[in-house]
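Visitor: 3D, please:
(4 chains)
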There are 2 protein chains.
Amino acid sequence: MTVRAETSTPAREIWELLLELSMSRIRQRLLHTVTDLGLSFPQAHALKVLRPGHPIAMRELADGLHCDPSNITGIVDRMEARGLVERVADRADRRVKKLMLTRAGREHRARLLERMAEPPVQIRSLSVADQRALCAILRRVSGVRER
Amino acid sequence: MTVRAETSTPAREIWELLLELSMSRIRQRLLHTVTDLGLSFPQAHALKVLRPGHPIAMRELADGLHCDPSNITGIVDRMEARGLVERVADRADRRVKKLMLTRAGREHRARLLERMAEPPVQIRSLSVADQRALCAILRRVSGVRER
DNA sequence: TATTGTTATACTCTATAACTATA
DNA sequence: TATAGTTATAGAGTATAACAATA
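Guide: Sure thing, here's the model as predicted:
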């Protein structure tokens, strides 16, 4: 009723299936989408975080990408060199540089999000009943906070 | 019945939830597990592929890691320097080097797999009914047939 | 004093091309 | 000729530490 009940639960198999899905199939699909647009993962992530009309500081982008601020310099350098983004001095605090999408950046972002949003065939080919059930359960999974 | 039915399907929301789960939460968790053991992602992947008692050639490891063979030299160099793996000349074909786990490598691998297999709280705290349903659907997604 | 962004440095992963030693 | 593994090279991401400008 304690240990046996724990081990007879399908949690481990679920986790195994999710890991395999995440780390190979989903990742491969995403990598293809991203490199197709000439982006790296961090660049694509940055493009997703940088919403049109909502410029953010370098520091905020570092937080969004969960990496050290020193990395952001290089990542933004390369995106700026490709004309996707611009550094703009902040008049309120002259230490800060705000990041703004260029027109090309906004277009690239739109294409990226559009392609990323397209669900793969494995999901589309589930029955509607399965889809509804899966969606409801995943919402519950996402609602549980860490730790 | 065609376009409206398509768009009213929860496939897009499922995909959105799965992406967010895969690319942030699952990845963060895995990164933590792996770096805790002093490994990088490719090293951990290699450790998983290298089964005890089943030595494989460098080339086979490259295939397993889906990367160019030239990378494997460096990855194995670092694992060998840490005493996790050994290069052994193949007597049948002297071009080939077989990779064998050391004792420390086998122990490291066991710890890694053990920790990776532990499902996170988000899954464990689902109801048993949800777990069974989710497991069944994920099997279908993965193409694994019912047992 | 603290913070923002940058630089310097070092390490790992990634790929391509050229090389060696075998086959 | 072809293959297995390596080396050389280059580029990108990652972190830490130190720095200048600004708050």
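Visitor: so where's chain A uncertain?
Guide: In the predicted model of chain A, residues A:1-8, A:144-147 satisfy pLDDT under 70.
Visitor: change it to 50
Guide: Flagging of chain A using pLDDT under 50 yields the residue ranges A:1-5, A:147.
Visitor: residue ranges of the helices in it, please?
Guide: For chain A, helices defined by DSSP state H occupy the ranges A:3-7, A:11-20, A:27-36, A:41-49, A:58-64, A:69-81, A:103-117, A:121-124, A:128-143.
Visitor: Which of those helices sits closest to residue B:91?
Guide: Nearest to residue B:91 among these is helix A:11-20 (35.4 Å), distances taken as CB to CB. Glycine gets a C-beta too; all of them are placed from N, C-alpha and C.
Visitor: is any part of the closest one close to chain B?
Guide: Yes: Helix A:11-20 comes into contact with chain B (CB under 8 Å from any CB of the partner chain), by way of A:11-20.
Visitor: how about TSV for those, with neighbour count and distance to DNA strand D added?
Guide: Below are the residues of helix A:11-20 next to chain B laid out as TSV (neighbours: other CB atoms under 10 Å in any protein chain shown; distance: CB to the nearest atom of the strand, whole Å):
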residue	neighbour count	distance to DNA strand D
A:11	22	29
A:12	16	29
A:13	16	30
A:14	25	27
A:15	21	24
A:16	17	26
A:17	19	26
A:18	23	22
A:19	17	20
A:20	14	22
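Visitor: nearest to residue B:33, of those residues?
Guide: Taking CB to CB as the measure, residue A:19 is the one of these closest to residue B:33, at 10.7 Å.
Visitor: show me the contacts for that closest one.
Guide: By CB atoms under 8 Å, 6 or more residues apart in numbering or on different chains, the residues touching residue A:19 are B:26, B:30, B:116.
Visitor: Give me the most central residue, chain A.
Guide: For chain A, the residue lying nearest the average C-alpha position, counting by CA atoms, centre = their mean, turns out to be residue A:45 (5.3 Å).
Visitor: Please name the nearest non-neighbouring residue to residue A:10.
Guide: Leaving aside its chain neighbours, residue A:10 sits nearest to residue B:135 (3.9 Å; criterion: CB to CB, 6 or more residues apart in numbering or on different chains).
Visitor: surely that neighbour meets residue A:15?
Guide: No: with contact defined as CB atoms under 8 Å, residue B:135 does not reach residue A:15; the gap is 9.9 Å.
Visitor: re the thing from before, what separation do you get for the residue nearest to the centre of chain A and DNA strand D?
Guide: From residue A:45 over to DNA strand D the distance is 8 Å, taken as CB to the nearest atom of the strand, to the nearest Å.
Visitor: ok, for that residue, nearest residue in space, not its chain neighbours?
Guide: In space, not counting the residues next to it along the chain, residue A:45 is nearest to residue A:65; the distance is 5.6 Å by CB to CB, 6+ apart.
Visitor: Residue A:50 too?
Guide: Leaving out its chain neighbours, the residue that sits closest to residue A:50 by CB to CB, 6+ apart is residue A:101, at 5.4 Å.
Visitor: Repeat that for residue A:138.
Guide: Leaving out its chain neighbours, the residue that sits closest to residue A:138 by CB to CB, 6+ apart is residue B:17, at 4.2 Å.
Visitor: which one among the contacts of residue A:19 gets closest to chain A?
Guide: For the contacts of residue A:19, the closest approach to chain A (CB to the nearest CB) belongs to residue B:26, at 4.8 Å.
Visitor: Name the nearest residue to the closest one, sequence neighbours excluded.
Guide: Spatial nearest neighbour of residue B:26, chain neighbours left out: residue A:22 (4.8 Å); criterion: CB to CB, 6+ apart.
Visitor: Ok, residue A:43 next?
Guide: Residue nearest to residue A:43 in three dimensions, not counting chain neighbours: residue A:79, with 5.8 Å by CB to CB, 6+ apart.
Visitor: and what of residue A:96?
Guide: That would be residue A:90: by CB to CB, 6+ apart, it lies 3.9 Å from residue A:96.
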